[in-house]
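1. Build me a model:
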Amino acid sequence: MKPTLDENGRLVPREDYRLATLNCGDEDFAIACMRSNLRYGKNQKREDVKSHHYIISFDPRDGTDNGLTVDKAQSLGEEFCKEQFPGHQAIVCTHPDGHNHSGNIHVHIVINSLRIEAVPLLPYMDRPADTKDGCKHRCTDAAMEYFKSEVMELCHRENLYQIDLLHGSKNRITEREYWAQKKGQLALDRENASLSEAGLPTKPTKFETDKAKLRQTIRKALEKATTFDEFSALLLQSGISVKESRGRLSYLTPDRTKPITARKLGDDFDRTAVLAILEQNAHRAAEKTAAIPEYPDSIMGHLQRTKAAKTAPKQDGLQRMVDREAKRAEGKGAGYDRWATLHNLKQMAATHNFLMENGLLDLDKLGAAVEDSRKALSEARESLRGIEQSISDKKNLRKVVSDYRRTRPTIDAHKKLSGRKAENYRQSHEAEFIIYEAALRQLKVLAPGKKLPATSKLNTCKCQYKNVGFFKNNMVGKPTFLFSTFTPPQQ
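-> Next up, the predicted model:
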């Protein structure tokens, strides 16, 4: 938002700037939007969302390698705006570069949140109001996923470079962090310049944000840890506490009061990725520490007169087919390709036999079975929500009770003292007093009453599952093959 000025303080317009409006007639974009808002009585309050801003940024290499020009990018932006935001007043603006001088052409699309014309139902719309005039545009998660897929399809059609927008990034850099890094690097460069002029030693030349340092610390802990407890302990040595809530991880640094969620750090730091890395480390550690037999298997079997049981994966159930093209792209050889061909044929035959034995060759019956399974799974998930909340509450209560019982002897010992001894004793055990008082306050809220809840009651949770027997009673075999996108609830 900082304008470029010349030596006389006058605005310097950008070079190769393209600007166009849609559904505005002969009027200015702002005036046309205000007229529409007054006509429908919308966007009159300060807190109303009056516009939506979307940006399509192209790769800097598209200009030299694929012949992308500002005019072509402008036409693509106008085409995208007409297809995805029909009935909205919009302004489409394209310029070849930004503040960082990377050379990437990008298109700004700003639409009036109010729709002035009725439009057909588009794939990302899920409400009747999304098509009516006088209603407002909703930027939902489903809409963003659809817009990203359309941008990828547009780049693929025009033979432009593209990235996978539908999946997250390993390191997610927010706009705030980006500008913090830019400003911090500029301040560090200025400080190093002044220090070098004074003949003093300079500081590190690369500025790192707090989130960047946190990512490095987490990665170092993941390289050493094999279990989640070990991972938490390694982070705690650096003053970072990790917490899991509703299947999501968050990290709290010593200088903050509010934790940083894994979503703001990147996909490498969420629960799924962390557990996968820990599992790999555990397998790697088990392979390194496995005992090397003193004799070969044949000699050991002859000496012991018995052979050790060898475990093999179960191969009698239905399995997924192998993507041969993807495996060949990964570098798999001809031997693996022959095995994959035979494996796919076996799975096709096994799947056909499974469907025939259970009377599911008819698509209507198969669709009905899928729908029944979805309903049963939905009901099971609904029944599990209350159970999960009860388990979470008992987990918190168990921690509070444990803190209370652990620090209670210290409090009882303090009550027996008086005068200067009691004051010195409290100062030397200040941490225990803080934990005890916090646990006492939480106990009054979580377990109001005169008696502490028994440990046996805190370690058990009565669970009632509904419709869990549906898969057993209505389906034969392994339903996880046919309905691979759904996972049955686990106790």
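2. Name the nearest residue to A32, sequence neighbours excluded.
-> C24 (4.1 Å; C-beta to C-beta, 6 or more residues apart in numbering). Backbone N, C-alpha and C define where each C-beta goes, glycine included.
3. Could you list which residues are in contact with the one you found?
-> 32, 89, 91 (C-beta atoms under 8 Å, 6 or more residues apart in numbering).
4. Which strand or helix spans the first one?
-> When you say that, I think you mean A32. Secondary structure assigned from DSSP states H and E places A32 in helix 29-40.
5. before we move on, what about the second one?
-> Counting by DSSP H and E, the element that carries Q89 is strand 88-95.
6. relative to strand 88-95, how tilted is the helix or strand following that strand?
-> As assigned by DSSP H and E, the chain's next helix or strand after strand 88-95 is strand 106-115. Interaxial angle of strand 106-115 relative to strand 88-95 (axes from the mean of the first three to the mean of the last three C-alpha atoms, to 10 degrees): 170 degrees.
7. on contacts alone, who are the packing partners of strand 106-115?
-> helix 29-40, strand 51-57, helix 70-84, strand 88-95 (3 or more C-beta pairs under 8 Å, 6 or more residues apart in numbering; DSSP states H and E).
8. so what's G87 closest to, chain neighbours aside?
-> Of all residues not flanking G87 in the chain, E117 sits nearest, at 3.8 Å (C-beta to C-beta, 6+ apart).
9. pretty sure the one you found contacts N23?
-> Yes - E117 is within contact range of N23, at 7.5 Å (criterion: C-beta atoms under 8 Å).
10. More neighbours: those two, which one.
-> A direct count of neighbours by other C-beta atoms under 10 Å for E117 and N23 places N23 higher, at 20 against 13.
11. State the distance from that one to F29.
-> 10 Å (C-beta to C-beta, to the nearest Å).
12. who touches both of these two?
-> 89-90.
13. hey, which helix is longest across the chain?
-> helix 363-415 (DSSP state H).
14. ok so the residue nearest to G87 is a strand residue?
-> No - counting by DSSP: H, G, I helix; E, B strand; the rest coil, E117 is not found in a strand; it is coil.
15. who's in contact with it?
-> Contact analysis of E117 by C-beta under 8 Å, 6+ apart lists 23, 86-87, 133.
16. show me where pLDDT drops low in the stretch 301-450 of the chain?
-> 301-317, 449-450 (pLDDT under 70).
17. what residues go with each domain of the protein?
-> Taking automatic domain parsing as the reference, the chain has its domains at 18-157, 175-285, 324-357, 363-474.
18. Just name the most buried of the ones you listed.
-> domain 18-157 (a mean of 16; mean count of other C-beta atoms under 10 Å).
19. Endpoints of that one, how far apart?
-> 23 Å (C-alpha to C-alpha, to the nearest Å).
20. cool, and stretch 112-123?
-> Across stretch 112-123, first to last residue, C-alpha to C-alpha, it's 20 Å.
21. Centre of the chain to that stretch, how far?
-> Put simply, stretch 112-123 sits 30 Å off its chain's centre (C-alpha atoms, centre = their mean, to the nearest Å).
22. Same check on stretch 158-169?
-> Counting by C-alpha atoms, centre = their mean, stretch 158-169 is centred 17 Å from the centre of its parent chain.
23. follow-up on the earlier one: against which helices or strands is the helix holding A32 packed?
-> With contacts defined as 3+ C-beta pairs under 8 Å, 6+ apart, the packing partners of helix 29-40 are strand 88-95, strand 106-115.
24. mind listing the strands for this structure?
-> Taking DSSP state E, the strands of the chain run over residues 18-22, 51-57, 88-95, 106-115, 241-245, 248-252, 260-261.
25. quick one: pLDDT of the closest residue to S196 other than its chain neighbours?
-> Once flanking residues are discounted, S196 sits nearest to T202: 5.7 Å by C-beta to C-beta, 6+ apart. We note a pLDDT of 79 for T202 in this prediction.
26. Any regions of the stretch 1-150 of the chain where pLDDT drops low?
-> In the stretch 1-150 of the chain (pLDDT under 70), the answer is 1, 98-102.
27. Mind listing the residues bridging to H52?
-> Using DSSP bridges, the bridge partners assigned to H52 are I111.
28. got the contacts of E117 as JSON lines, with distance to N8 columns?
-> What follows is those, written out as JSON lines (distance: C-beta to C-beta, whole Å):
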{"residue": "N23", "distance to N8": "38"}
{"residue": "P86", "distance to N8": "44"}
{"residue": "G87", "distance to N8": "44"}
{"residue": "D133", "distance to N8": "47"}
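29. Please report how far the residue nearest to G87 lies from K132.
-> As judged by C-beta to C-beta, E117 and K132 stand 10 Å apart.
30. Now do the shared contacts for E117 and N23.
-> Shared contacts of E117 and N23 (C-beta under 8 Å, 6+ apart): G87.
31. D393 and L446 touch, don't they?
-> Yes - proximity of D393 to L446 meets the contact threshold set by C-beta under 8 Å, at 7.3 Å.
32. Tell me the one of the contacts of E117 nearest H283?
-> P86 (52.9 Å; C-beta to C-beta).
33. Dihedrals phi and psi, the closest residue to that closest one other than its chain neighbours?
-> Among residues not flanking P86 along the chain, V119 sits closest, at 4.4 Å (C-beta to C-beta, 6+ apart). Backbone torsions of V119, given as degrees, to the nearest 10, read phi -130, psi 160.
34. contacting residues for V119?
-> 86-87, 131.
35. Distance to D71 for these - can I get that in TSV?
-> Compiled in TSV, the contacts of V119 are given as follows (distance: C-beta to C-beta, whole Å):
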residue	distance to D71
P86	23
G87	26
T131	33
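36. got the contact list for R190?
-> Going by C-beta under 8 Å, 6+ apart, R190 touches no other residue.
37. per-residue pLDDT, it?
-> 87.
38. Look up how far G359 lies from it.
-> From R190 across to G359, the span is 76 Å (C-beta to C-beta).
39. same question, R381
-> For R381, the distance to G359 - C-beta to C-beta - is 27 Å.
40. For L222, see how far away the residue lying closest to F228 once chain neighbours are set aside is.
-> For F228, ignoring the flanking residues on the chain, the nearest one in space by C-beta to C-beta, 6+ apart is L278 at 6.3 Å. Separation of L278 from L222 (C-beta to C-beta) stands at 7 Å.
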